[in-house]
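1. based on what follows, work out the 3D shape:
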Amino acid sequence: MLLFLLLVSCCDLLQQFADFGRGVMDFALLGIPAAIVNSGLKFMQKNLELSFQQRLTLYLHRLYTSNRAYYAASTLGGLTHADQRITEDVEKFCFSVSDLYSHTFKPLLDVLLFTHSLSRVMGYKGQLGLYGYYVVVAWLLRALAPPLAQMTAQESALVGSFRAAHQRLVAHSEEVAFNDPPAGVAEQLILNQHLQRLITFSRLSSFQRFLQQIADGYCVKYFASCVALLVYAAPIYFMDPAVRGNQGQLTADYIRSMRLLQNTSRGVGDLIMVYKRMTSLAGHTSRVSELLEQVKVMSSEDTEHKELFKRNLSHTSLAQLLEQAEQESDQFNYEDGSHELQPMSPVSPKRLTGATIKFQRVALDAPDGMPLVRELSFEVRRGCSVMLMGPNGCGKSSLFRVLAGLWPLQAGEITSPPKNELFYLSQRPYLVVGSLRDQLLYPIPPARVWQGSKQSDQQLFTSIAGEEPKYKDVDDELAACLRAVDLEYLLSRGAGWDAVQPWNETLSGGEKQRLAMARLLFHKPTYAVLDECTSAVSADGEVKLYEACINAGITLLSIAHRPILKRFHQLVVHIDGTVSTTGKGWWTEVLDEKVLLSSSSAVALAAISIAGGQRP
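-> As a prediction, this is how the structure comes out:
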């Protein structure tokens, strides 16, 4: 008998172990789809974030690079810290949006499922009290919450200022190093000040969040558990003892109900905490919405960004003179030339497209309100180069900015040739990230960029540029351009044309300017506007560069200071900044009157001396 009982016990034990093993195997198999689903949720959330970021950033890139919005943002002050907003702020915004999905739909699904399961034990009426408590708590926490959206936006702005301070030091490291000491310590103080502002604000916002998290944790987690216990225990307490059931049944119902209530409370608590994510998202949204609005305005307004320029322009008398001229315009017949009776009344700004570069009665004021020139009139025709000379700050570069449309034309008329016939070179050459070949081909995009671009982007560039970029069979022509500027040795420094180097750090200032001149010789436009683009080149090297341009048939409108360069021009316009004394602030010097007269008689004479601009 004893042996029989022992055998039965062993069989029961083996049966329990078998059931246990099957349970473990079932759980292990169930964990496979569970792991896939949980990982899939995170994977889909990341893909959702990347999709948002890609679409939003591509949209911003299209607006930011059109209508010279990037110039208006950085130079005219249309948008502060544009680089941070387009990169970091957009990334944080997209993460907050995608994160909101996982913290909204999953808790909501949990609440619905667990509520349905609890209804079998305690019905729906018993759960209404718990949900009513959460509604009151959500309203209370929302009322006591600090302005998280504003705090997030302010913190992002401070982070942008701190990063901009470091970028400014990197961009001007050489200038600072020349005066260090004590320039290094001065920059340290500047950086420390930005850091201190950021840390002070972050500590204050962290303390406010600390107080908020105390209220959130107590009301949503701890006190909510007490309410859940009361919701479960109240019906049992008021129930007739005869129908309560035995202790074992009550214990089983309690364990199951509390597990469901805890999961329900966790889901509802996560839904309540969504408001914190919403306020954080609101902070990023305000930054991104401001970015979208400003970039959209800059990309859609007039090409000169007149309204934006006016915000940076001090009050001048030129605006009053223009208003006066407009009022007087109805009293003069412009067709018969009677308007010339009022030579000092500025004409309304007007831009024209023609075969030459022509300034007709142009008036220009500096952004600080100082008058630079009045009644400026001269013409640059093909084969008749013009040189601008004058002291620093007299308005030479400002005049080129107006010609290029970077600054609005304030008064007068400007005629310029089509864009494909005009090429600008500034004092600071721009070197693109790419190979040596790419430096000369620019503004054609680098070959690697073109090959990796989508077909739609390639078609967009071709429609704007007028032709598809050519990367083959141009090396011989590029080599000739390098020889013309004495830079053929760059081919032997690395891997020839395909050498990719940090060109801004590798080349000296003079080499950069000569490389930019080689770029000009390759594109060979009809006209070239040179803004002291050879100031870092030696005098004899500068002469050779100008000779190369003239031999290539390029007509020049250049700013220079060395008198030796006059031999490459037929007319010199001296801008001396004497508007207050002479009323004009400029005068002309004819260098080769025969060339001027041989081009076109009447128009040439106008180019030599208009409105009394020639000085004997």
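2. quick one, strands of this structure?
-> 350-353, 357-365, 371-380, 386-389, 411-416, 422-425, 527-531, 555-559, 571-575, 586-590 (DSSP state E).
3. and of the ones you listed, who's closest to Glu49?
-> Among the strands of the chain, the nearest to Glu49 by C-beta to C-beta is strand 422-425 (40.4 Å). Glycine gets a C-beta too; all of them are placed from N, C-alpha and C.
4. what's the closest one packed up against?
-> helix 509-523, strand 527-531 (3 or more C-beta pairs under 8 Å, 6 or more residues apart in numbering; DSSP states H and E).
5. any chance of a markdown table for the ones you listed, columns mean pLDDT and mean neighbour count?
-> A markdown table is the format used below for the helices and strands packed on strand 422-425 (pLDDT from 0 to 100; neighbours: other C-beta atoms under 10 Å):
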| stretch | mean pLDDT | mean neighbour count |
| --- | --- | --- |
| helix 509-523 | 90 | 21 |
| strand 527-531 | 91 | 23 |
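6. closest to Gly369 out of those?
-> Proximity to Gly369 (C-beta to C-beta) singles out strand 527-531 among these, at 23.1 Å.
7. for that closest one, name the packing helices and strands.
-> For strand 527-531, the packing partners by 3+ C-beta pairs under 8 Å, 6+ apart come out as helix 396-404, strand 422-425, strand 555-559.
8. that strand pairs with which strands, parallel or anti?
-> Under the criterion DSSP bridges, strand 527-531 sits next to strand 422-425 (parallel), strand 555-559 (parallel) in its sheet.
9. ranking those strands by burial, who's on top?
-> strand 555-559 (a mean of 23; mean count of other C-beta atoms under 10 Å).
10. and the angle for it with strand 571-575?
-> Taking axes from the mean of the first three to the mean of the last three C-alpha atoms, to 10 degrees, one finds strand 555-559 and strand 571-575 inclined to each other by 20 degrees.
11. before we move on, the earlier item: and the strands of the chain: which comes nearest Pro147?
-> Of all those, strand 357-365 sits nearest to Pro147, with 42.7 Å by C-beta to C-beta.
12. how far away from the center of its chain is the closest one?
-> Relative to the mean C-alpha coordinate of its chain, strand 357-365 is positioned 33 Å out (C-alpha atoms, centre = their mean, to the nearest Å).
13. who's in contact with it?
-> For strand 357-365, contacts defined as C-beta atoms under 8 Å, 6 or more residues apart in numbering pick out 313, 316, 318, 321, 346-347, 352, 371-380, 395, 398-399, 402-403, 409-417, 422, 527, 557, 610-611.
14. parallel or antiparallel, which strands does it pair with?
-> strand 371-380 (antiparallel), strand 411-416 (antiparallel).
15. deepest-packed of the ones you listed, please.
-> strand 371-380 (a mean of 24).
16. dump the helices and strands packed on strand 527-531 to TSV, plus mean pLDDT and distance to Gln208.
-> Listed next are those as TSV, based on pLDDT from 0 to 100; distance: least, C-beta to C-beta, whole Å:
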stretch	mean pLDDT	distance to Gln208
helix 396-404	87	47
strand 422-425	90	52
strand 555-559	91	55
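17. same list (the ones you listed) but as CSV, adding distance to Gln212.
-> Listed next are the helices and strands packed on strand 527-531 as CSV, based on distance: least, C-beta to C-beta, whole Å:
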stretch, distance to Gln212
helix 396-404, 51
strand 422-425, 55
strand 555-559, 60
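18. state the mean pLDDT of stretch 572-585.
-> What stretch 572-585 shows for mean pLDDT is 78.
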